[in-house]
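Student: no sequence on this one, just coordinates:
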């Protein structure tokens with residue numbers, strides 16, 4: 001208990017920042033400040049703020065016919081004015097916003113006029129925003145595409161989809177970000193359950209124990225929790241931004257699930273090495289305390305050496321210029337370091353000592369449970 005409780009408390013404390021996780025696709029700030037693409041984007045935003053504004057694409061699809069009849073043009077005008085009043089919107093570009101300050105009646109009058117009677121610039125603009133049965137509106141906001149405000153704007157646009165007899169749909173970079181994040185959140189539980197279920201089944205076949213596979217899953221989740229918490233604390237909240245030279249921001253949506261799948265396999269590799277050796281010793285002696293000590297001693301050097309190599313390799317990713325690569329490397333290095341030290345060296349042996357022979361409860365060990373070898377005595381080895 002003196003080993004288990006403080007170590008568990010430390011890992012859980014490291015995992016607490018993960019509750020503040022924010023997911024969003026990376027933007028231009030993921031690149032170093034001296035790259036040409038980022039310098040160009042920042043120059044454009046400074047000199048031409050309207051052209052550099054985040055654009056949320058809105059398409060209004062009508063059932064059939066011309067999307068710019070006087071009646072539909074009036075509905076588009078009402079929708080444009082409603083969108084322009086939303087928080088964060090700095091402008092709307094569409095077929096009903098060709099001339100600033102046009103009222104509804106003027107828009108309907110232009111919609112009813114023959115196309116040949118319109119000035120060339122209005123004909124070209126209408127061709128840019130109208131095609132088939134669809135009318136397009138570009139909603140401009142000064143907020144970055146991956147910001148919370150831009151995502152809230154997409155949700156606000158989607159909250160009222162009726163435009164006359166047409167239906168509004170939202171696209172663009174921010175909308176893609178919102179949908180991709182929602183997709184990942186929706187399917188992550190199934191992916192996690194599949195990985196954990198298959199791992200538990202394989203461990204049961206290997207160890208012939210019901211308890212040890214469940215404990216192994218719990219141990220892996222502890223090391224992952226510490227790593228994910230550190231990931232949020234470092235890259236989202238920016239506590240080591242100067243040391244690692246990056247711009248803090250939301251976490252890339254695919255990063256946590258990729259880290260989970262990769263790190264779960266690496267962590268389970270160490271778990272199998274340790275538990276297999278402990279099981280061999282338990283089958284030989286029937287003494288759980290001796291088996292835990294012997295297994296830890298025999299595999300400690302191997303696990304530590306392998307972990308040190310992987311930590312060194314993953315830590316090298318922190319030298320990358322792209323934040324996503326940097327975050328993945330640092331997250332994997334932290335997880336492997338935690339797993340090979342706190343989890344495998346302290347928590348796993350402590351829990352196995354506390355659980356005693358219950359560790360080996362399962363149908364595969366019924367015979368050994370009834371007739372275990374003499375405790376502390378090794379069976380005779382044949383040359």
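Tutor: Yep, that arrived. Keep in mind the model is a prediction, meaning the values are calculated, not measured.
Student: going forward, measure contacts between C-alpha atoms and count neighbours the same way
Tutor: OK.
Student: most centrally placed residue in the protein?
Tutor: Residue closest to the mean C-alpha point of the chain, counted by C-alpha atoms, centre = their mean, is residue 253 at 3.1 Å.
Student: quick one, strands of the stretch 51-200 of the chain?
Tutor: 54-61, 89-93, 130-131, 134-141, 162-163, 166-171 (DSSP state E, counting those that start in this stretch).
Student: with distance to residue 285, mean neighbour count and mean pLDDT added, can I get those strands in JSON lines?
Tutor: Below are those laid out as JSON lines (distance: least, C-alpha to C-alpha, whole Å; neighbours: other C-alpha atoms under 10 Å; pLDDT from 0 to 100):
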{"stretch": "strand 54-61", "distance to residue 285": "68", "mean neighbour count": "22", "mean pLDDT": "93"}
{"stretch": "strand 89-93", "distance to residue 285": "73", "mean neighbour count": "19", "mean pLDDT": "91"}
{"stretch": "strand 130-131", "distance to residue 285": "80", "mean neighbour count": "16", "mean pLDDT": "90"}
{"stretch": "strand 134-141", "distance to residue 285": "71", "mean neighbour count": "23", "mean pLDDT": "93"}
{"stretch": "strand 162-163", "distance to residue 285": "74", "mean neighbour count": "17", "mean pLDDT": "92"}
{"stretch": "strand 166-171", "distance to residue 285": "65", "mean neighbour count": "19", "mean pLDDT": "94"}
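Student: any idea how far the residue lying closest to the residue nearest to the centre of the chain once chain neighbours are set aside is from residue 64?
Tutor: If the residues on either side of it in the chain are set aside, residue 253 comes closest to residue 23, at 5.1 Å by C-alpha to C-alpha, 6 or more residues apart in numbering. Applying C-alpha to C-alpha, to the nearest Å, the value for residue 23 to residue 64 is 38 Å.
Student: compare these two and say which is more crowded by neighbours.
Tutor: residue 23 (25 against 11; other C-alpha atoms under 10 Å).
Student: wait, isn't that one in contact with residue 181?
Tutor: Yes: counting by C-alpha atoms under 8 Å, residue 23 touches residue 181, with 6.7 Å between them.
Student: which residues do those two both contact?
Tutor: Residues touching both residue 23 and residue 181 (C-alpha atoms under 8 Å, 6 or more residues apart in numbering) are residue 253.
Student: got the contact list for residue 64?
Tutor: residue 133 are the contacts of residue 64 under C-alpha under 8 Å, 6+ apart.
Student: now it: how far from residue 132?
Tutor: Taking C-alpha to C-alpha, one finds residue 64 at 8 Å from residue 132.
Student: residue 142 too?
Tutor: From residue 142 to residue 132 the distance is 31 Å (C-alpha to C-alpha).
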